[in-house]
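Chemist: Got a predicted model here, sequence first, then my questions.
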Amino acid sequence: MTRRSIAHTTDTAAPHYRSTLVSLSAGTVALVLAGGKGTRLRASCDPELQRTPKVLVPIDTDAGRTPMLGHALAQLAAAGFRRIAVLTSADPATGAEAVETYALTHPAARHVELTIHREDHPLGTAGAAYAALTDLPDVPAAVVMPADGYYPFTLLPSAVARHRSRSLAITWTVTTSPGPGAQNAGRLFLDPGGDRVVHALEGVDATLPAEARDGLRQATSTGAVLLDPDPFRSLFEAYVRRLAHPGEADLYRHVMPWALSQGHPIGAFDIGTSAPDLGTPERLAAFGRTA
């Protein structure tokens, strides 16, 4: 009796049995924004907020009380990132030396390739990301991540996989369920399928007319932005060429809205849950920080 190969008998059905590997590509880097001055936190009557660099303000987490930056570093390492770049500022008000020392001595630094990128003068979030990527070779994808947010980091591998499958320069992670007290809630508008950002009103004192909203999904920025380094660099250079003088370039308020206005597609990845921003005393208190 002749036995037929199982592989041979299932050839026509085999394409049905496949999966998508949801994993961070080797070399994917997290660009952690840690150069903010914390002006709003320092205006608080809380002495700890007045004297502590913003990203070193401690918060209560499931793992205990830890600085914002420490939470971000630990969670990024746990999510699979093996390259983390901490972006700091030369402005004395940001406490860069304390921030850098903390990052380099954090336990996560023993398990990842951690680098510090201190801007020589204010570059803005997009400018700082561009400068850091210039110093980081062989990066297949990058995630720009504010250190002062409470993001569901376990979702990042899925977000990166989705971003890379689209071959876009930028994907903005958003949420259609921002929760109470979210910063700049509902300032983004997605296409009907939720795959692309259509309008971005971050930091703009404007509203979208009702007729322009028809069929669009309203969303809120979560702060995390995914970049394909080479296309992003080209896009950023095109943005800078239009400026009369080089200056601070904000990723959320300047570069991405400009890109949309020029017809450059920006992807959307809806995390479907809240990602609290902790940059003000009120939001910090609402999050549940205890003295």
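Modeler: All right, it came through fine.
Chemist: Now do the buried residues in stretch 87-104.
Modeler: Using 16 or more other CB atoms under 10 Å as the test for burial, stretch 87-104 gives 87-89, 94-96, 99-100, 102-103. For every residue, glycine as well, the C-beta is placed using N, CA and C.
Chemist: Name the nearest of those relative to Leu31.
Modeler: Leu31 has its nearest neighbour among these in Leu87, at 5.9 Å by CB to CB.
Chemist: what's the distance between the closest one and Gly36?
Modeler: From Leu87 across to Gly36, the span is 10 Å (CB to CB, to the nearest Å).
Chemist: Same check on Pro92?
Modeler: Separation of Pro92 from Gly36 (CB to CB): 13 Å.
Chemist: before we move on, what about Thr66?
Modeler: Here Thr66 is placed at a distance of 18 Å from Gly36 (CB to CB).
Chemist: Please apply the same query to Tyr151.
Modeler: From Tyr151 to Gly36 the distance is 16 Å (CB to CB).
Chemist: When these two are compared, which one has more neighbours?
Modeler: Legend: neighbour count by other CB atoms under 10 Å for Tyr151 and Gly36, higher for Tyr151 (25 against 22).
Chemist: ok, that one - contacts?
Modeler: Residues near Tyr151 by CB atoms under 8 Å, 6 or more residues apart in numbering: 72, 75, 145, 222-224, 275.
Chemist: so which helix or strand takes in it?
Modeler: Under the criterion of DSSP states H and E, Tyr151 resides outside all helices and strands.
Chemist: Might you report the residue contacts of Val57?
Modeler: Each residue near Val57 by CB under 8 Å, 6+ apart is listed here: 38, 41, 48-49, 67-68, 278, 284.
Chemist: let's see it at 10 Å
Modeler: 38, 41, 46, 48-49, 67-69, 148, 278-279, 284, 289 (CB atoms under 10 Å, 6 or more residues apart in numbering).
Chemist: ok, now Asp277?
Modeler: 146, 148-151, 178, 181-184, 220-223, 283-284, 287.
Chemist: How about Gln262?
Modeler: 235, 238-239, 242.
Chemist: Spatially central residue in the chain, please.
Modeler: Ala224 (1.8 Å; CA atoms, centre = their mean).
Chemist: Wait, it touches Val174, no?
Modeler: Yes - using CB atoms under 10 Å, Ala224 is in contact with Val174, at 9.4 Å.
Chemist: got any residues that touch both of those two?
Modeler: 269, 271, 275.
Chemist: could I get the residues you listed as a markdown table with neighbour count and secondary structure?
Modeler: Below are the shared contacts of Ala224 and Val174 laid out as a markdown table (neighbours: other CB atoms under 10 Å; DSSP: H, G, I helix; E, B strand; the rest coil):
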| residue | neighbour count | secondary structure |
| --- | --- | --- |
| Phe269 | 25 | strand |
| Ile271 | 20 | coil |
| Ala275 | 24 | coil |
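Chemist: which one of those sits closest to Thr12?
Modeler: Of the shared contacts of Ala224 and Val174, the one sitting nearest to Thr12 (CB to CB) turns out to be Phe269, at 34.6 Å.
Chemist: hmm, back to that, what about the residue nearest to the centre of the chain, is that helix, strand or coil?
Modeler: The three-state assignment at Ala224 reads strand, by DSSP: H, G, I helix; E, B strand; the rest coil.
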